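Q: The amino acid sequence is not available; the structure is as follows:
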């Protein structure tokens, strides 16, 4: 297995594009990534497209728009981790030498469902009984409050930070700041979560081009190396007795740090899966950024804000940047690439050398159903 | 890249199971494949699940039923080639040494759509104008009749052969024989195609376990080696001027034979994608089993029937075995595995040493949209 690098990144601002097709939403991100990489289209050996609800042959429909055909196109679904899983599959194939270069796309068009709760599988009895995502995370929030004394003000601060970062990101879906009071007073969704504790629905796409690291400098002066990639499934939470420890994230992070030969203290910034405000706090701990129960302190001390020790979600995260499910994994990677290259303007994490992305999905049927993918990158 | 072998195969008879969930349809195939392989569940490093319309996290839902969790689970969509694409992804990962063993699943539950034409993407303007699959293949059939003098009787013989083979396969959806007259007199679907020229809708699942070839004999006395794997996209037909040459199959077969170092004359049997009777004839030529225009003669001479030079679709193919879209790719592989092991009873191809599977999907929006995967196996 040879080292792999990212040589190009593209993204379309997340938003609501009900009148555009999935392919029309995505192709500008693909074009941007290819142009950014400096690679010729014919040098791209395969394309991996992550989408959860994009329908059949999403990758083929998108690539037709940019005149890229003939190559293997593989569509990958893994709920919220769809395109981060696609990235891993592309990474394996390029690292193994099957292709010298590959394109990875993340895309989703959620407006086609008309808003509201996503179409989940009725086969899940938890879903049939109403345990949809906001309810699940609300239970985790209540439990974390009980176990570790998290206050409503502290929980609201996650959303305040997300909007503050999002305000510095021209690609973010929500860019207006909010206050702790506004978050707490917003429309209730699932107690203790209000509207501003929940990521928005929307449409969007992102893309990256990867190639073998030894060829990367033929194309770009600023390749971003892939230090490691992990994906696993399993318990989304460790039973009702400890629903504040996301087992798949804890295990995936341990595996990844070992694989990459670094520790959480070496990570300069991270894009984590803050679909709900409480999630970001749980992931600080699961990813080893602080000890169990210390997440609120980490946040309050500003350590995870821009300018802090380890800025988390400088893009605004899912809460502000938005969360078109299948697009999120690659969009996180695009943010890390731009940060490591120093291209992020007002939200730049100064001197960032190592970045982490964390994407986790499923888990509706709480105990055997989750998927988590984590990646590490370095300039 | 190391050599990879199949060590276990499982399949549930294709049929209509409207009251079962997708997971309930699939798990017995998975259990059968694992038991057949002799591998322990904990030795399986990853699972790849191909499904076109199975909904989010199909693989996770299935594996929960057999108590297999914790491992990477990757869901793959590529229309009719979903699980053959999943097989290729698993093959890459095992060949690269990322996992020592992997499970590949193909699954679909089409009865959930209530029968009739599948839910296709309205984004395809061809679909919006009525160019659904039967119409597309009917045009190809008419063109082939015009170009090469194919008769209605010859076209019907494809279905007669499929049913004859299917009658020998306990897992086939349709096992009753039909006559040329019955095929011609059946309800018209899209002229010249009648009902019996079209594969049935249905539900089903199939699974295989693969591992590195050097470890295969630890588990089984009858491993089946993977000689090569190709997938590509592109023109489903070469423009209206030559819509009888499926370009992606022609190109894929050429690539695969070169990769494997063999030619079509070395293939002892094949499972090809006969979604409509005309398709099988086009693929005889595209896969190099005969010259352009000679397909009807090959069929009439019995060369592609059991007992002939190169039996095609000894399982009954999509026309008789059935075509639950995402299940088909792996189901074809299961048939080849059982044939190469000599386990096929009355439909056994005597002395079979090399088998080919061919699965092609998409192509609705005829020119840039198709996917084709072809695999070669040897005992």
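A: Done, it's in. Bear in mind the structure is a predicted one, so any value in this text is a computation, not a measurement. Numbers count the residues shown, from 1 in each chain, chains lettered A, B, ... in the order given.
Q: CA only for contacts and neighbour counts going forward, please
A: Will do.
Q: Give me the distance between the two termini of stretch A:285-301.
A: End-to-end distance of stretch A:285-301 (C-alpha to C-alpha, to the nearest Å): 15 Å.
Q: From the chain's centroid, how far away is it?
A: How far stretch A:285-301 lies from its chain's middle: 19 Å, per C-alpha atoms, centre = their mean, to the nearest Å.
Q: Next: stretch A:85-94.
A: Relative to the chain's own centre, stretch A:85-94 is displaced by 16 Å; criterion: C-alpha atoms, centre = their mean.
Q: What of stretch A:347-358?
A: Using C-alpha atoms, centre = their mean, we find the averaged C-alpha position of stretch A:347-358 to lie 14 Å away from the chain's own average C-alpha position.
Q: residues contacting the residue located most distally from the centre of chain A?
A: Distance from the centre of chain A peaks at residue A:70, with 29.4 Å (C-alpha atoms, centre = their mean). By C-alpha atoms under 8 Å, 6 or more residues apart in numbering or on different chains, the contact list for residue A:70 reads B:232-235, B:248.
Q: Narrow these to those in helices?
A: Cross-referencing the contacts of residue A:70 with the helices (criterion: DSSP state H) gives residue B:248 as the overlap.
Q: Top of the contacts of residue A:70 by number of neighbours, please.
A: Counting neighbours by other C-alpha atoms under 10 Å in any protein chain shown, the top entry in the contacts of residue A:70 is residue B:233, with 29 neighbours.
Q: Pretty sure that residue sits against residue A:68.
A: No: counting by C-alpha atoms under 8 Å, no contact exists between residue B:233 and residue A:68, whose distance comes to 9.7 Å.
Q: Provide the secondary structure category for residue A:170.
A: Three-state secondary structure (criterion: DSSP: H, G, I helix; E, B strand; the rest coil) places residue A:170 in coil.
Q: ok, the closest residue to it other than its chain neighbours - contacts?
A: Once flanking residues are discounted, residue A:170 sits nearest to residue A:13: 7.6 Å by C-alpha to C-alpha, 6 or more residues apart in numbering or on different chains. In this structure, residue A:13 makes contact with A:170-173, A:204-205, judged by C-alpha under 8 Å, 6+ apart.
Q: Same question for residue A:204.
A: A:12-15, A:25-26, A:107-109, A:324, A:327.
Q: Low-confidence regions, the stretch 251-379 of chain A specifically.
A: Counting by pLDDT under 70, the low-confidence segments of the stretch 251-379 of chain A come to A:363-368.
Q: picking that back up, near chain A, from the contacts of residue A:70?
A: The overlap between the contacts of residue A:70 and the neighbours of chain A (C-alpha under 8 Å from any C-alpha of the partner chain) comes to B:232-235, B:248.
Q: Show only the entries of those residues found in strands.
A: Judged by DSSP state E, the ones next to chain A among the contacts of residue A:70 include B:232-234 as members of strands.
Q: How many neighbouring residues does the closest residue to residue A:325 other than its chain neighbours have?
A: Spatial nearest neighbour of residue A:325, chain neighbours left out: residue A:80 (4.9 Å); criterion: C-alpha to C-alpha, 6+ apart. Residue crowding around residue A:80 was assessed by other C-alpha under 10 Å; the count is 29.
Q: Kindly report the residues of the stretch 51-200 of chain A close to chain B.
A: Counting by C-alpha under 8 Å from any C-alpha, the stretch 51-200 of chain A sits next to chain B at A:52-53, A:55-57, A:60-61, A:64, A:69-79, A:85, A:89, A:92-93, A:96, A:98, A:120-121, A:123.
Q: change it to 6 Å
A: Residues of the stretch 51-200 of chain A found near chain B, taking C-alpha under 6 Å from any C-alpha of the partner chain as the criterion, are A:56-57, A:60, A:69-72, A:75-79, A:96.
Q: The residue nearest to residue A:325 contacts residue A:361, doesn't it?
A: Yes: between residue A:80 and residue A:361 a contact is recorded at 4.4 Å, counting by C-alpha atoms under 6 Å.
Q: Any figure for the gap between residue A:43 and chain B?
A: 15 Å (C-alpha to the nearest C-alpha, to the nearest Å).
Q: Kindly report the same for residue A:344.
A: As it turns out, when the distance is counted by C-alpha to the nearest C-alpha, residue A:344 lies 32 Å from chain B.
Q: check contacts around the residue lying closest to residue A:225 once chain neighbours are set aside.
A: Using C-alpha to C-alpha, 6+ apart and skipping residues adjacent in sequence, the residue nearest residue A:225 is residue A:5, 4.2 Å away. The neighbours of residue A:5, taking C-alpha atoms under 6 Å, 6 or more residues apart in numbering or on different chains as the test, are A:210-211, A:213, A:223-226.
Q: Okay, and the beta partners of residue A:5?
A: Bridge pairing for residue A:5 (DSSP bridges) gives the partners residue A:211, residue A:225.
Q: sec struct for residue A:352, please.
A: With three-state DSSP as the basis, residue A:352 sits in coil.
Q: what separates it from chain B, distance-wise?
A: Note on residue A:352: its distance to chain B, by C-alpha to the nearest C-alpha, is 30 Å.
Q: So what does residue A:307 have for phi and psi?
A: Note on residue A:307: its backbone torsions stand at phi 100, psi -10 [degrees, to the nearest 10].
Q: Provide the count of other residues in contact range of it.
A: As a measure of burial, residue A:307 has 13 neighbours, counting by other C-alpha under 10 Å.
Q: ok, back up a step: what about the residue nearest to residue A:225, distance to residue A:252?
A: In this structure, residue A:5 and residue A:252 are separated by 21 Å, where distance is defined by C-alpha to C-alpha.
Q: Direction included, what does the host helix or strand of residue A:47 pair against?
A: Assignment of secondary structure by DSSP states H and E places residue A:47 within strand A:46-50. Each strand paired with strand A:46-50, and its direction, by DSSP bridges: strand A:73-77 (parallel), strand A:101-109 (parallel).
Q: Tabulate those strands in JSON lines, adding columns for mean pLDDT and mean neighbour count.
A: As requested, those are arranged in JSON lines below (pLDDT from 0 to 100; neighbours: other C-alpha atoms under 10 Å in any protein chain shown):
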{"stretch": "strand A:73-77", "mean pLDDT": "97", "mean neighbour count": "32"}
{"stretch": "strand A:101-109", "mean pLDDT": "98", "mean neighbour count": "32"}
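Q: Distance to residue B:47 for those strands - can I get that in CSV?
A: As requested, those are arranged in CSV below (distance: least, C-alpha to C-alpha, whole Å):
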stretch, distance to residue B:47
strand A:73-77, 13
strand A:101-109, 21
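Q: So for residue B:131, which of those sits nearest?
A: With C-alpha to C-alpha as the measure, strand A:73-77 is the member of the strands paired with strand A:46-50 nearest residue B:131 (23.0 Å).
Q: Quick check: what element follows the closest one along the chain?
A: If you walk from strand A:73-77 toward the C-terminus, the next helix or strand you reach (DSSP H and E) is helix A:82-95.
Q: rounded to a whole number, what's the mean pLDDT of that following helix?
A: Within the predicted structure, the mean pLDDT of helix A:82-95 is 98.
Q: how far out from the middle of the chain is that helix?
A: Using C-alpha atoms, centre = their mean, the distance from the centre of helix A:82-95 to the centre of the chain it belongs to is 14 Å.
Q: any idea where the helices of chain A begin and end?
A: When secondary structure is read from DSSP H, chain A shows helices at A:22-37, A:58-65, A:82-95, A:125-128, A:133-148, A:152-166, A:180-185, A:213-219, A:247-260, A:277-286, A:295-300, A:317-321, A:325-341.
Q: most packed of the ones you listed?
A: Mean neighbour count, computed with mean count of other C-alpha atoms under 10 Å in any protein chain shown, is highest for helix A:317-321 among those, reaching a mean of 31.
Q: Quick one: distance of that one to the chain centre.
A: Relative to the centre of its chain, helix A:317-321 is centred 9 Å away, using C-alpha atoms, centre = their mean.
Q: what residues does it touch?
A: Contact with helix A:317-321 is made by A:162-163, A:166, A:172-174, A:199, A:274-275, as judged by C-alpha under 6 Å, 6+ apart.
Q: All set, thanks.
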